[in-house]
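Enquirer: can you look at this prediction? I've put the sequence above it.
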Amino acid sequence: MRWKVGHHDLKNGIRVYYFCDSGDTVHICNLGFPVGSVHDPDECQGLAHFTEHVGFRGRAGSSGDPVYDMIDIYYGGMEHHEIFTTHAGTQYGGPSLYYRRDMDEVMPVLVNVLKDKYVDRLALSIEKTVINNEYRQTDLDDVDSQLEDLFLKTTYDTNPVRRGVLGDINQIRLIKPATVKAFMEQNYGSKNMFAIVFGPKREEAINFAAKYLDDWPYQGQP
């Protein structure tokens, strides 16, 4: 028997989506924010995607690199990770974990890195280079990406969905740390956040999310 997907709001407003897999085969835990390219300011198109990159770097100089270690161990390398921005949202996590015990390894890494919100000029410089490469590999060289971009710009005159997720590469080059910090503070609050915990039963899923998210320090409505 499978339970229908449901949700429960923690005391700080973070919404937990749960889905019980009675076959004990699907175990997923992700964090997300309903913030995407449609929320980019006109003068800084691509800010949501850029913030996703910078926000998940963690603090330089920490022992090891838990983010990339986690991705290598549980997702099989960066090419299989599921950390991305769309027109409507941003997600941090992976496609599936297969073993429930892995969730207690992955969730604290996701939570602690996102709690840090550490932004410096080195991080911006590195991620600007990364996004510039993405721009050249997708927006310029990928035919499907070009067709999607043409379709959206033809279909919509004013709706911000017509913008590409990568944004305006020239505006991205001018982004300063204060701009990213302000965007995080505005949009990465508890009432604009959700967690996905698929696999365990309802109460177990809620307790699992509360264990790591009840003390989320950024409260309030975006």
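Expert: Great, that's in hand.
Enquirer: hey, let's count contacts and neighbours off CA atoms from now on
Expert: Noted.
Enquirer: ok, so what distance separates the closest residue in space to Asp168 that isn't next to it in sequence from Val38?
Expert: Once flanking residues are discounted, Asp168 sits nearest to Gln45: 5.4 Å by C-alpha to C-alpha, 6 or more residues apart in numbering. When distances are taken as C-alpha to C-alpha, to the nearest Å, Gln45 and Val38 turn out to be 9 Å apart.
Enquirer: what's the overlap in contacts for those two?
Expert: Arg163 (C-alpha atoms under 8 Å, 6 or more residues apart in numbering).
Enquirer: so between those two, which is more surrounded?
Expert: Taking Gln45 and Val38 together and counting by other C-alpha atoms under 10 Å, Gln45 has the greater number of neighbours (24 against 21).
Enquirer: and the pLDDT at that one?
Expert: The pLDDT attached to Gln45 in the predicted structure is 95.
Enquirer: list the contacts of it.
Expert: Ser37, Arg163, Leu166, Gly167, Asp168, Gln171, Ile172.
Enquirer: how close does the residue nearest to Asp168 sit to Pro108?
Expert: The gap separating Gln45 from Pro108 is 31 Å, by C-alpha to C-alpha.
Enquirer: now Val161
Expert: Distance of Val161 to Pro108, given as C-alpha to C-alpha: 33 Å.
Enquirer: also Phe151?
Expert: 40 Å.
Enquirer: same deal with Pro41?
Expert: The separation that Pro41 has from Pro108, given C-alpha to C-alpha, amounts to 31 Å.
Enquirer: now swap in His7 and tell me
Expert: Looking at His7 against Pro108, where the rule is C-alpha to C-alpha, the gap reads 21 Å.
Enquirer: between those two, which is the more surrounded one?
Expert: Set His7 next to Pro108 and count neighbours by other C-alpha under 10 Å: His7 wins out with 18 against 14.
Enquirer: next up, phi/psi of the closest residue to that one other than its chain neighbours, please.
Expert: In space, and not counting its chain neighbours, His7 is closest to Tyr17: 4.3 Å by C-alpha to C-alpha, 6+ apart. Dihedral angles of Tyr17 (phi, psi; degrees, to the nearest 10) stand at phi -100, psi 130.
Enquirer: now do the contacts for Tyr17.
Expert: Shown in contact with Tyr17 (C-alpha under 8 Å, 6+ apart): Val5, Gly6, His7, His8, Phe194, Ala195, Ile196, Val197, Phe198.
Enquirer: can you tell me which residues contact Ile131?
Expert: Listed by C-alpha under 8 Å, 6+ apart, the contact set of Ile131 reads Phe50, Leu166.
Enquirer: in the helix or strand containing it, what counts as buried?
Expert: Following DSSP states H and E, the helix or strand that holds Ile131 is helix 121-134. Within helix 121-134, the residues scored as buried using 16 or more other C-alpha atoms under 10 Å are Ala123, Leu124, Glu127, Lys128, Ile131, Asn132.
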